[in-house]
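**Student:** sequence and computational prediction follow.
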Amino acid sequence: MRGSEFAELKAFSAIVEEGSFVSAAARLRVSPPALSQTIRRLEARLGARLLNRTTRSVSPTAAGETLFARLALVFGELEGALAEVQAGRDQPAGALRINVPRVAAMRFVAPILGDFQVAYPDIALTVIVDEVLTDIVEGRFDAGIRLGERLEQDMVAVKLSDELQMAAVAAPAYLEGRSIPRHPQDLHQHRCINFQWPGGGNIYR
């Protein structure tokens, strides 16, 4: 449906609801002659007379009554849909699925879950703790938390924290007779336990 056709139907509905061309024109903020021209175009396009006009009143014909009844349902549904969208801007609702590694779930998600539920009671939140770090788009997630080096180049990202610091530790018995590492490169000379992201990701020594 073209915009002009929608405008014609809205004009027709306004006239039936107001029972007057003058009142409908004021409601639609157009002149009565312009409104009359709009209705003439609509009737010509449909090939049917929709309104009975007298000098004092306007009433729908049988065809007009049938059309108005259908339009009232359609416009009512449309207005309801728009109202739901507008209400959603003030109070978000629906399902929210996020994908996070365990460290992010514990550090960023768990501490705020209670406050989140209070602030957004109409959101059904699902948190998937996933060390494999599934592709967010392919997995149909709404959002995810990633370490910087695990972030895809085309993703829109918001930084959540400062740089995370990691520490290498060793038992005193292990360091007996060995040099204490002073630089990350020194760790190559030691028997380190390696950590690797599932799926062939980076190795941390």
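**Tutor:** Yes, it's here. Numbers count the residues shown, from 1 in each chain.
**Student:** so where do the helices sit in the protein?
**Tutor:** 3-18, 21-28, 32-46, 62-90, 102-104, 113-119, 172-175 (DSSP state H).
**Student:** quick one, which of those helices gets closest to residue 193.
**Tutor:** With Cβ to Cβ as the measure, helix 172-175 is the member of the helices of the chain nearest residue 193 (11.1 Å). Where you see a C-beta, it was placed from the backbone N, CA and C, and this is true even at glycine.
**Student:** picking up where we left off before, nearest to residue 165, of the helices of the chain?
**Tutor:** Across the helices of the chain, closest to residue 165 is helix 102-104 (Cβ to Cβ), at 12.7 Å.
**Student:** quick one: average pLDDT of the closest one?
**Tutor:** Helix 102-104 shows a mean pLDDT of 86.
**Student:** list the contacts of it.
**Tutor:** Residues from elsewhere that reach helix 102-104, judged by Cβ atoms under 8 Å, 6 or more residues apart in numbering: 129, 131, 145-146.
**Student:** domains for the chain, by residue range?
**Tutor:** Domains of the chain are assigned by automatic domain parsing as 3-90, 94-150, 172-204.
**Student:** and the shortest one, how far from the chain's centre?
**Tutor:** Read it as domain 172-204. A distance of 44 Å separates the centroid of the chain from that of domain 172-204, by Cα atoms, centre = their mean, to the nearest Å.
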